[in-house]
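J.: compute the structure for the input listed below.
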Amino acid sequence: MKMSYREAVRQAMREALIADPRVFLMGEDVGKYGGSYAVSKGFLDEFGPERIRDTPLSELGFVGAGIGAALGGMRPIVEIMTINFSLLALDQIVNTAATLRHMSGGQFSVPLVIRMATGAGRQLAAQHSHSLECWYAHIPGIKVLAPATVADARSMLAAALADPDPVILFEHAQLYNVEDDIDEPPDGWRCDIRCAAVRRAGAQVSLFAYGGCVPKALQAAAQLAADGIDAEVVDLRVLRPLDADTIVASVRKTHRAVVIDEGWKSGSLAAEIVARIMEQAFYDLDAPVVRVCSAEVPIPYARHMEQAALPQVAGIVAAVRQLIGQT
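T.: Coordinates of the predicted model:
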């Protein structure tokens, strides 16, 4: 059946709310307004204000309330409107949610899911166009997921809610309108949130990407195929813990790697992936690993400048051609 990424997230939340009375949704404008990206539209009428809770404009406050609810036995889904607003809740996420299992000697768990939109490409300028997934992937004690496909958007939430520890779901805002034909798996909508996924098999070069860069990597692979270059596309999708086994297996197969990351190159998740490859598959490489990242500037507002600052299909194709000597 045809489904949009937005509808996939919506159905996943609705299913969770119906299946488990402990599940509730809280965040800014999630109720009467239906969510900033219309993901929770109609939920307030269906589930009522006890389970669909509009919060004050205080990320530090309502993320903390979500942590408290999780400690009390609930299964909260906390929606932060966009990733830049999550910076206001860093203390709760990093110092509380991520650490309580360790600091309590395993006596407490925090079964909390935090959803937030991420990424640029919508002309929202420097303060609303961040890709800071790497910041959260740096923190022990949480799982970090980046669903890039409609199927993953539909199936990752159930697995995240079943996890006893905090899980952060990054939904790239450019993906909400993407549609795909998906069928319900025989065992229901729940996927493995420990493993990367090979989206396209190939033999000559590995393209590693996550979130909004996965469709770009697939488009680049299609263009390269027309020129006789066989690219494998690996959707990292689990940013913490990274699935190093899948990354290394792909490099050992293709012997070349390009990492695509909408984050800035300095201190990026792409840098971590390159380090893992160098540590575990250095002698399998036929050429240095290449990174395609955002320009080291605050994301511009002007459309043509914003597009120039972000990883694009043409840049990925050019990087691959240079890597294999077809410039």
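J.: contacts made by stretch 219-227 with the rest, please.
T.: With contact meaning Cβ atoms under 8 Å, 6 or more residues apart in numbering, stretch 219-227 is reached by 200, 202, 205, 207, 230-233, 313, 316-317, 320-321, 326. Every residue, glycine included, has its C-beta placed from N, CA and C.
J.: over to stretch 262-275?
T.: Contacts of stretch 262-275 (Cβ under 8 Å, 6+ apart): 119-120, 131-134, 137, 208, 210-213, 236, 239, 242, 247, 257, 259-261, 289, 291, 293-296, 310-311.
J.: try 7 Å this time
T.: Outside stretch 262-275, the residues within contact range by Cβ atoms under 7 Å, 6 or more residues apart in numbering are 119-120, 131, 133-134, 137, 208, 211-213, 239, 247, 259, 261, 289, 291, 293-294, 296, 310-311.
J.: scan the contacts of stretch 219-227 and report the most crowded one.
T.: Among these, the one with the most neighbours (other Cβ atoms under 10 Å) is Leu207, at 31 neighbours.
J.: hmm, back to that, from the contacts of stretch 262-275, which ones fall inside strands?
T.: With DSSP state E as the criterion, strands contain Phe208, Leu239, Val259, Asp261, Arg291, Cys293, Ser294 from among these.
J.: okay, those in CSV with neighbour count, distance to Asp183 and pLDDT next?
T.: Formatted as CSV, these follow (neighbours: other Cβ atoms under 10 Å; distance: Cβ to Cβ, whole Å; pLDDT from 0 to 100):
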residue, neighbour count, distance to Asp183, pLDDT
Phe208, 29, 27, 98
Leu239, 24, 27, 98
Val259, 29, 31, 98
Asp261, 26, 31, 98
Arg291, 18, 36, 98
Cys293, 22, 35, 98
Ser294, 21, 35, 98
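J.: in the chain, where is pLDDT below threshold?
T.: Confidence mapping of the chain against pLDDT under 70 gives the ranges 326-327.
J.: where do the helices sit along this structure?
T.: Using DSSP state H, the helices assigned to the chain run over residues 5-19, 43-47, 59-71, 90, 100-103, 133-137, 150-162, 213-226, 244-254, 269-281, 303-309, 313-323.
J.: ok, Cys191 - contacts?
T.: Residues in contact with Cys191, defined by Cβ under 7 Å, 6+ apart, are Asp152, Ser155, Met156, Ala159.
J.: re the thing from before, and the ones in strands among the contacts of stretch 262-275, which is closest to Asp91?
T.: Nearest to Asp91 among the ones in strands among the contacts of stretch 262-275, counting by Cβ to Cβ, is Leu239 at 21.1 Å.
J.: quick one: that closest one from His138, how far?
T.: Leu239 is 10 Å from His138, where distance means Cβ to Cβ, to the nearest Å.
J.: what's near enough to touch the most centrally placed residue in the chain?
T.: Nearest to the mean C-alpha position of the chain, by Cα atoms, centre = their mean, lies Ala146 at 1.7 Å. Neighbouring residues of Ala146 by Cβ under 7 Å, 6+ apart: Glu133, Phe170, Tyr210, Gly211, Arg237, Leu239.
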